[in-house]
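**Q** would you be able to build a 3D model of this:
(one chain, ligands or ions: 2)
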Amino acid sequence: MIVQRRLVSGFTWVTGWNLKNIRSKNDCLEIRYENEGNPSKLIMPFVWLRDHCTSQKLYHLPTNQRKSNCCDITSLSKIKHSNQVIIDEATNSLQIVWIDGHQSKFKIGNIIREGKVEKNVSNDNKIYELWNSKSLKDVPRISKSTLSLQSFSKNLVKYGVIIVDGVEGTSEATEKLCQSLVPVHDTFFGQFWVFSNSATNDEPAYEDTAYGSDEIGPHTDGTYFDQTPGIQVFHCLTPAKTGGDTVLVDSFYCAEKLRNESPEDFEILCNTKISHHYLEGSPPGSSIHSVSLEKPVIERNSFGNITQIRFNPYDRAPFSCLNSSEASAAETIKFYEAYEKFSKICHNPDNSIEISLRPGSVIFIDNFRILHSRTSFQGYRQMCGCYLSRDNFMAKAIPFLSGKSQTSL
Ligand SMILES: C[N+](C)(C)CCCC[C@H](N)C(=O)O
Ligand SMILES: O=C(O)CCC(=O)C(=O)O
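**A** Ligands and ions are numbered 1, 2, ... in the order given. So this is what the prediction gives:
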């Protein structure tokens, strides 16, 4: 059904685009055009168009929220007749009169922009500067006295890690600093923790290697939570006699290295879902049993950009391996080969930096991206810290990253 168009010769309705024809077909609006001479088309479902109408009837502008509860969205996304759709090339606009009489007006450019899954700062990996030991000589540091949310946010997003120096070497000062920056991400470990390798009454210990003095290899925390803690904070209040250093790895760098060197193994780690658990009590899990099922080691968005790495070899739950065929057994073996290859890249000293945390220096780590580990140590060592909400952090960071921030620094 060809719809009516108000053609004003000489105007192009979208810069560089030459409109050829518009028609409605199979509940969609089909717009054929030439873009710099190349024939192309847009097929916009009427239900999508009605859903993206920002008229006062359908959209609450003060809160940027839609008004429809979608109980009648398909039944109302109909037009009675072809002349109910008008393209006004003079104003680059599209007008639709719906079956219920409601009129929607769109700027063509806006619906084209909204019709695409736009890259924005939060899903465009250009905001990250991936690193290894050669490209990042030291963790970025900011003094507390000159700390701003903007510098904190930009560095933490860009490198995945930032140290704030000049903080009083107490848990109270550390907690206050964290609360001033980002809301805490609470877990059964508590909102804020003081932990060491010899627990005292006011220092709860959990059944985890963190409360010992052995080496812990590179890992992300909380793989056994569906809501992975987004940011990990550590402040070393009492350094060990020897050892107890922190090793950091940019797992996004390592995953991209795997993608380049072994694309098949990369795909396996993106597509194989594994589970992690945290068990406490006797029998194990009788007092705390946290489990996150069926999650990939490497998570990607629709652009293929890596958005999260879940890598904790130690907290993996039993890997379902009830293979009824040699083929599925072979798949299990391929998973382990891929996981091993990724682990080797993450454990390669060329891909890590080692730092010694000391009182006064608080480290903030993006737990979706940066692996942390600890070298074994001798003597008493006390740490404090917390998890911070990554969603709340990114909600404050994105305006700075997109240059739209109105927040006073
Ligand atoms: C709470 N605090 C950070 C001290 C220890 C939590 C244990 C972390 C656990 N090993 C994991 O990898 O998730
Ligand atoms: O003791 C440390 O430095 C870190 C311990 C650890 O890896 C953790 O708590 O996740």
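**Q** for the stretch 101-250 of the chain, which segments count as strands?
**A** 103-107, 141-143, 161-165, 193-196, 216-219, 231-238, 242-243, 246-250 (DSSP state E, counting those that start in this stretch).
**Q** adjacent strands (with direction) for the fifth one?
**A** Strand pairing for strand 216-219, determined by DSSP bridges: strand 370-374 (antiparallel).
**Q** pull the residues that contact the partner strand.
**A** 160-161, 210, 215-221, 232, 234, 244-251, 309, 311, 346, 352, 365 (CB atoms under 8 Å, 6 or more residues apart in numbering). Every residue, glycine included, has its C-beta placed from N, CA and C.
**Q** redo that, cut-off 7 Å
**A** By CB atoms under 7 Å, 6 or more residues apart in numbering, the list of residues contacting strand 370-374 from outside reads 160-161, 215-220, 232, 244, 246-251, 311, 346, 365.
**Q** picking that back up, of the strands of the stretch 101-250 of the chain, which stretch is the most buried?
**A** strand 246-250 (a mean of 24; mean count of other CB atoms under 10 Å).
**Q** can you tell me if it touches ligand 2.
**A** Yes. Contact of strand 246-250 with ligand 2 (CB under 6 Å from any ligand atom) involves Thr246.
**Q** list the helices and strands that strand packs on?
**A** strand 352-355, strand 370-374 (3 or more CB pairs under 7 Å, 6 or more residues apart in numbering; DSSP states H and E).
**Q** could you dump the strands of the stretch 101-250 of the chain into JSON lines with distance to Thr332 and mean pLDDT added?
**A** Shown next, in JSON lines, are the strands of the stretch 101-250 of the chain (distance: least, CB to CB, whole Å; pLDDT from 0 to 100):
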{"stretch": "strand 103-107", "distance to Thr332": "51", "mean pLDDT": "92"}
{"stretch": "strand 141-143", "distance to Thr332": "44", "mean pLDDT": "98"}
{"stretch": "strand 161-165", "distance to Thr332": "34", "mean pLDDT": "98"}
{"stretch": "strand 193-196", "distance to Thr332": "36", "mean pLDDT": "95"}
{"stretch": "strand 216-219", "distance to Thr332": "22", "mean pLDDT": "98"}
{"stretch": "strand 231-238", "distance to Thr332": "31", "mean pLDDT": "98"}
{"stretch": "strand 242-243", "distance to Thr332": "36", "mean pLDDT": "98"}
{"stretch": "strand 246-250", "distance to Thr332": "26", "mean pLDDT": "98"}
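**Q** I'd like these laid out as JSON lines, including distance to Pro359.
**A** Below are the strands of the stretch 101-250 of the chain laid out as JSON lines (distance: least, CB to CB, whole Å):
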{"stretch": "strand 103-107", "distance to Pro359": "57"}
{"stretch": "strand 141-143", "distance to Pro359": "15"}
{"stretch": "strand 161-165", "distance to Pro359": "11"}
{"stretch": "strand 193-196", "distance to Pro359": "13"}
{"stretch": "strand 216-219", "distance to Pro359": "21"}
{"stretch": "strand 231-238", "distance to Pro359": "6"}
{"stretch": "strand 242-243", "distance to Pro359": "17"}
{"stretch": "strand 246-250", "distance to Pro359": "14"}
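**Q** show me what counts as buried in the longest helix anywhere in the chain.
**A** Using DSSP state H, we find that the single longest helix of the chain is helix 326-347. Within helix 326-347, the residues that count as buried by 16 or more other CB atoms under 10 Å are Phe335, Ala338, Tyr339, Lys341, Phe342, Ser343, Ile345, Cys346, His347.
**Q** mind listing residues that contact it?
**A** Against helix 326-347 from outside (CB under 7 Å, 6+ apart): 217-218, 249, 251, 254, 257-258, 262, 265, 268-269, 272, 297, 311, 313, 321, 323, 351, 371.
**Q** quick check: bridge partners of Thr242?
**A** Those that pair with Thr242 in a beta bridge, by DSSP bridges, are Gln378.
**Q** quick one: it and Arg381, what's the gap?
**A** 10 Å (CB to CB, to the nearest Å).
**Q** please apply the same query to Ser287.
**A** Distance from Ser287 to Arg381, by CB to CB: 26 Å.
**Q** quick one, which of those two is more surrounded?
**A** A count of neighbours by other CB atoms under 10 Å puts Arg381 above the other of Ser287 and Arg381, at 21 against 12.
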